[in-house]
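In: Attaching a predicted model along with its sequence, questions to come.
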Amino acid sequence: MQAQGVLLSIIDQVNHVLQQLEPDAYKKSLPEYNGSSLGQHFRHILEFFQCLENGAMTGLVDYAGRERNLLYEDNPKLTIEAFNVLVPVLLELPLSKKVLVRAEFGSDERPDFESSVGRELVFVYDHAIHHLAIIKIGLHCHFPEVNADPDLGVSPSTIKHRKAMSQ
């Protein structure tokens, strides 16, 4: 599968979950998340994708400088639309293009590091898997009626390992 294809599969998994969530459930504060919500995690995933898109165009990826658009935390339908806007963009990403990634270490200094769009695509993918695993916990604890992909939030290497162990 092409690199962009795995991001598209993540978007499919995300949209499948989002289509099942009402706004009140989506923005509900959950104790497992120290008061944050499913919506905050989905927004966070989305905005990292958007940072990659922007960085591919400008040459500078700045994950800490993301928009933090609260509408994506409250409205699952709007979040679906935003993810869907990314689909054609992701298919056209120039994977070998060199970019700088602006680091955030909590100080005033924010150094830039050399990377590529392809490497950052891997990062955004792994980052999404991590947050989807967290989302899955919230779904199991509070919204068991939501039908999510069993592999939601599971790394491809873990899926492969599980398959190999079951044979």
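Out: The structure has been received and is ready for your questions.
In: Against residue 113, how distant is the residue nearest the centre of the chain?
Out: What sits nearest the mean C-alpha location of the chain, by Cα atoms, centre = their mean, is residue 45, with 2.8 Å. Computed as Cβ to Cβ, to the nearest Å, the residue 45 to residue 113 distance reads 22 Å. No exception for glycine: its C-beta is placed from N, CA and C like everyone else's.
In: Show residues contacting the helix or strand containing residue 165.
Out: Using DSSP states H and E, residue 165 sits within helix 156-166. Applying Cβ atoms under 8 Å, 6 or more residues apart in numbering, the external contacts of helix 156-166 come out as 6, 151.
In: Was I right to think residue 68 contacts residue 46?
Out: No: the pair residue 68 / residue 46 is not scored as a contact, 10.8 Å apart, by Cβ atoms under 8 Å.
In: who's more crowded, these two?
Out: residue 46 (24 against 11; other Cβ atoms under 10 Å).
In: ok so, going back, I'd guess the residue nearest to the centre of the chain is in a strand, am I close?
Out: No: applying DSSP: H, G, I helix; E, B strand; the rest coil, one finds residue 45 to be helix, outside a strand.
In: Run through the residues that contact it.
Out: 14, 127-128, 131-132.
In: Return the distance of the helix holding residue 165 from the chain's centre.
Out: 22 Å (Cα atoms, centre = their mean, to the nearest Å).
In: Same question for stretch 85-93.
Out: With Cα atoms, centre = their mean as the basis, the mean position of stretch 85-93 lies at 14 Å from the chain mean.
In: In stretch 5-19, which residues are buried?
Out: Under the neighbour-count criterion of 16 or more other Cβ atoms under 10 Å, stretch 5-19 has 6-8, 10-11, 13-15, 17-18 buried.
In: again with stretch 78-98
Out: Neighbour-count burial for stretch 78-98 [16+ other Cβ under 10 Å]: 79-80, 82-83, 86, 89-90, 93.
In: got those residues as a markdown table, with distance to residue 163 columns?
Out: Formatted as a markdown table, the buried residues of stretch 78-98 follow (distance: Cβ to Cβ, whole Å):
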| residue | distance to residue 163 |
| --- | --- |
| 79 | 31 |
| 80 | 30 |
| 82 | 33 |
| 83 | 28 |
| 86 | 29 |
| 89 | 32 |
| 90 | 26 |
| 93 | 29 |
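In: how far does stretch 112-123 stretch from start to finish?
Out: Using Cα to Cα, to the nearest Å, one end of stretch 112-123 lies 16 Å from the other.
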